[in-house]
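>>> structure of the sequence below:
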Amino acid sequence: EVFTVCDATQDPRFCGNPLVLGPPFIRFYAGKSLVCHGQKIGTFCILDRQPRELLSKMERENLVMLADMVLDQIMRRQTSKHLEVAHEQLIQRNDELNSLIDTANAPIFAIDANFAVTAWNRKIGDLTSIPKEDLLGR
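Numbering: from 1, shown residues only. Predicted coordinates for the structure are as follows:
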């Protein structure tokens, strides 16, 4: 689960990498893939300029825990963005419905379960001479 390279200069997969040959002169690497909905979106890793031994079991567990925390934050942010978009769409649709209700050529009003007025259009306002501002929410 944790991919480790103790000395990148000695590993044939990385010894020619510009980040090993030049700044920042990476020698040690330990990382865990960040996978969201089956797709790899990045890696949480620790680097060092000095070669190191393999991580202990506790160090690997800590790295996995930190990677999971990062992934959790990424997913929360993604969910928050989706909710933001959905909220804006609901506001837009609500405004459209309110406009439709308000401009209808028929008296329309609505009450909720507590009998508070939630909708009161112009037509019913004209018929009753009661402005909607006096009734909404009451």
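
>>> next up, the contacts around G137.
A116, V117, T118 (C-beta atoms under 8 Å, 6 or more residues apart in numbering). Where C-beta positions appear, they are placed from N, C-alpha and C, glycine not excepted.

>>> let me fix that: V20
A8, T9, F14, I26, R27.

>>> closest to A86 out of the contacts of G137?
A86 has its nearest neighbour among the contacts of G137 in T118, at 21.1 Å by C-beta to C-beta.

>>> doesn't the closest one belong to a helix?
No - the assignment for T118, made by DSSP: H, G, I helix; E, B strand; the rest coil, is strand rather than a helix.

>>> what's the neighbour count on it?
12 (other C-beta atoms under 10 Å).

>>> and the pLDDT at it?
T118 carries a pLDDT value of 89.

>>> quick check: it touching L136?
Yes - taking C-beta atoms under 8 Å as the definition, T118 is a contact partner of L136 at 7.1 Å.

>>> so in that sheet, which strands flank the helix or strand containing I46, and in what orientation?
Assigned by DSSP states H and E, I46 belongs to strand 39-48. Here strand 39-48 has these sheet partners by DSSP bridges: strand 28-36 (antiparallel).
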